[in-house]
Structure formats: C-alpha cells, structure tokens
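J.: Need coordinates for the below:
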Amino acid sequence: MDDFFLIVYCIPVGRNNNNTLQKEKNMAHQIEVRDIQAGIEQAWHGLTKVVPIVTFDDAFPFEIERLPLLVANDTPLEGWSFFRCSDDGKAAGVPVFESYVALTNARFWEIVQNSVGGTGAIIESAGTIYDRCRRFVTVKLGTDVDDFVVGDRQFKNRFSILDSIDGSTNFYGVNSSTCVVCANTFAVVMGDTSGEFRFKIRHSKNLLPKIENMEKAIDQFIGVTAQFKKALEIANEIPVTPADARSLFAGWVATDVSGMSARSFNNVTRLSELFQRGAGNNGETLLDAFSAVTDFYSHESSGGADQPGFRMKQTISSEFGSGSRKKQDFFSNLFIAKGKEDPIFSRDAFNSLVSKGRTVIKTMEEIEVAAN
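T.: Coordinates of the predicted model:
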C-alpha cells in the first residue's frame with residue numbers, strides 16, 4: 001500500500017518569465033521567502049537548508065509574540081490578536097480570537113525533544129511553510145520499522161508532528177510514509193490514515209495537558225507501523241491473477257451487482273492496467289493491487305490532468321477527500337487488525353468481492369454490447 005503523494009512541478013514549454021516560474025514553483029511546495037525547511041538532505045524542491053544535524057535555530061530562527069489586533073487610530077479590536085515574528089516584525093498568519101491557544105516555537109521544539117529525546121531518534125526535517133503559518137517536524141525514531149523492504153518496494157515510515165501558529169490547522173501527530181519537507185508532504189502526512197494511527201488536538205485551553213502524554217502515542221505508532229509492515233508482507237505473498245484483480249476492483253467499486261456508471265467502469269479498467277504496469281508492479285500479487293489503488297487515487301482520480309485546477313483538486317482529494325477515504329477503504333475491506341495483534345487477511349472478503357466483480361463486469365459488458 002504505497003500511499004505516497006508528491007506534486008511534481010514541471011516547467012511549461014515556452015514559458016520564460018522568471019517571476020511567473022518562481023511563483024508557480026512556490027505554489028507547488030508553499031515554501032515562501034520567509035520560510036525555512038531545514039533537513040539532513042536536499043528535498044525535491046531544491047530549497048532545503050541542508051545541515052548535518054537539524055537544530056532549533058536552523059528550523060525556527062525567530063520567535064513569536066502575541067499582540068492585540070489594532071484597527072483605526074490604533075484601537076485594539078476586542079477579543080482579537082495576532083502573532084508577530086521577532087526577526088522581521090511581520091505577522092505569522094491571520095489574526096486569532098482570544099480563546100485560541102498557540103505554542104511558541106521554543107515550546108513546540110521542547111515538546112518534540114521531550115517526546116523523542118534520548119531514544120536514538122533523528123530529526124530529519126523541520127521548518128515552516130505557508131509564509132510561517134504552519135510548522136512541522138519529521139522524526140526517524142530509530143526502530144527496525146523505520147525503513148524496510150517488501151518485495152522490490154522500499155517503505156519509509158516516520159513520526160511527524162504538524163502544527164499551525166495561526167489556527168489554520170490543528171496540532172497533529174501522525175504515522176507518515178514520507179518525510180515532511182514541503183506543503184505537499186505536509187498534506188500527505190495529514191491525510192495518511194493507512195496505519196490507523198493519528199491524534200489531533202485543538203488549540204484550546206487543554207492543548208498542553210493533552211500533548212504532554214505524546215510519548216504513549218509514539219509507542220503506539222511503533223506498534224502500528226509493525227502491523228503495517230506485516231500486512232504488506234502478507235499481501236506480497238498472496239497471488240492474484242490479472243482477471244481476479246479486475247474482478248476485485250469491480251466488486252470493490254460497485255455498490256451492487258446491477259452495474260456501475262461508465263466512469264466507474266473506466267476506473268476499473270485503469271486500475272487493472274496499473275495492477276500490471278504501474279510503477280513497481282508486476283501484476284502478480286495483492287500488493288500490486290494495493291499499489292494500483294493508491295497510485296490511482298493519489299494521482300488520477302480527479303479527472304484529466306489537462307483540466308484547469310486538476311493538480312490542486314487531485315491533492316485535496318488524495319489527502320483530505322474521497323481519494324484518501326478510498327485508499328483506506330480498500331485496505332480495510334481485506335485486512336482485519338485488532339489491538340496489537342498481527343493483521344489478518346480476510347480470504348472470505350476477497351473471494352466475495354471477486355465474485356461480485358465478475359457479475360458486475362458481465363453486466364457491464366452486456367450493456368456495452370447492447371449499446372453497440
């Protein structure tokens with residue numbers, strides 16, 4: 001279940017306006033002029049501040065101060081304030097209401113250190129995006145499930161802490177299959193529920209007490225990642241023929257055996273193609289089927305790439321909307337995982353979907369013949 005998504009920025013042919021190029025590039029990763037992404041290796045966008053060890057000063061070279069929001073004649077607007085950055089005196093994000101609770105950069109960093117310090121963990125990436133509205137830290141915990149290989153596929157699992165300064169997102173701890181280095185991967189981690197692990201805390205008065213127990217959540221993360229690895233290994237050992245894969249997809253997509261829309265049937269055809277010829281796929285195992293589903297709903301499910309706004313629409317779908325739910329639904333239809341137990345492949349569920357899919361495909365093919 002290779003649930004990774006990254007926007008690849010391509011320069012349009014014939015475009016020669018450097019300002020426009022830079023603007024469009026920033027739209028892809030959302031690292032603005034005031035933002036810094038510090039990491040131990042260069043990210044795809046080429047803007048990483050590469051350092052041997054990611055320190056607080058590397059990632060957050062400023063602090064925030066909460067000030068009243070002033071209106072006409074420097075009159076404070078009751079109940080509203082904003083956060084000013086110490087280095088340039090400019091705001092970090094939009095104004096917030098008085099009930100909103102935010103962490104300083106120093107406190108945010110301290111929480112990370114208290115949670116993972118002394119465990120052999122390595123901070124791989126940290127910084128801000130969206131003109132300092134949001135901040136992140138991605139940690140390699142130093143366990144045997146940080147990096148692993150199943151078949152010919154390499155998986156990287158990380159623990160990420162995501163937060164905002166201005167309330168544009170909650171405080172998140174998530175199981176991620178990618179390293180957070182920019183807005184795209186920030187969205188991936190927020191949308192990555194494949195490991196059934198995440199916690200979300202609102203910026204209310206109970207923010208600090210709730211996140212002080214994050215160490216327990218990290219222990220849970222390690223266990224869930226081991227389950228994820230086991231499920232992938234099981235999937236890689238389950239043979240699936242191209243015909244059964246097509247029926248599996250059809251049975252999963254269709255709401256009943258009476259058929260499906262033409263668009264859904266086209267999606268089944270595309271999933272079948274990805275099963276056999278998608279990146280890293282050989283068209284032989286259940287893991288190839290998982291990869292086909294995650295590939296399609298990460299990159300193609302929102303329509304044609306030549307349509308206006310496709311990339312943004314696809315990103316939202318893949319990480320927050322229907323695409324994200326589809327990827328999780330396919331996995332949960334076939335695997336059962338309870339508590340700390342190893343995941344169990346449901347052969348009955350698999351056979352049921354394949355059987356249903358065969359009926360649906362036969363119905364759709366009969367409709368096509370009748371139409372012609």
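
J.: buried residues in the lengthiest strand in the chain?
T.: With secondary structure taken from DSSP state E, the chain has its longest strand at strand 76-85. Using 16 or more other CB atoms under 10 Å as the test for burial, strand 76-85 gives Ser81, Phe82, Phe83, Arg84, Cys85. Where you see a C-beta, it was placed from the backbone N, CA and C, and this is true even at glycine.

J.: For the fourth one, give its distance to Phe330.
T.: From Arg84 across to Phe330, the span is 46 Å (CB to CB, to the nearest Å).

J.: what does the second one give?
T.: When CB to CB is the yardstick, Phe82 and Phe330 sit 43 Å from each other.

J.: Repeat that for Asn114.
T.: Taken as CB to CB, the span from Asn114 to Phe330 is 37 Å.

J.: re the thing from before, wait, which of the buried residues of strand 76-85 is closest to Val50?
T.: Cys85 (23.5 Å; CB to CB).

J.: Give me the nearest residue to the closest one, chain neighbours excluded.
T.: Phe62 (4.7 Å; CB to CB, 6 or more residues apart in numbering).

J.: on that earlier part again, how about the buried residues of strand 76-85 in TSV, adding distance to Arg132 and pLDDT?
T.: As requested, the buried residues of strand 76-85 are arranged in TSV below (distance: CB to CB, whole Å; pLDDT from 0 to 100):
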residue	distance to Arg132	pLDDT
Ser81	16	95
Phe82	12	95
Phe83	9	96
Arg84	11	96
Cys85	7	96
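
J.: Export those residues to JSON lines and append columns for distance to Thr143.
T.: Formatted as JSON lines, the buried residues of strand 76-85 follow (distance: CB to CB, whole Å):
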{"residue": "Ser81", "distance to Thr143": "41"}
{"residue": "Phe82", "distance to Thr143": "40"}
{"residue": "Phe83", "distance to Thr143": "35"}
{"residue": "Arg84", "distance to Thr143": "40"}
{"residue": "Cys85", "distance to Thr143": "36"}
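
J.: Could you let me know which of those ends up closest to Pro52?
T.: Once CB to CB is applied, the member of those that ends up nearest Pro52 is Cys85, at 26.4 Å.

J.: so that closest one touches Pro61, yeah?
T.: No. Applying CB atoms under 8 Å as the test, Cys85 and Pro61 come out as separate, 9.6 Å apart.

J.: about what we covered before: tell me how far the residue nearest to Cys85 lies from Asn236.
T.: 46 Å.

J.: before we move on, what about Asn157?
T.: Distance of Asn157 to Asn236, computed by CB to CB: 16 Å.

J.: out of the two, which sits in the busier spot?
T.: Asn157 (25 against 17; other CB atoms under 10 Å).
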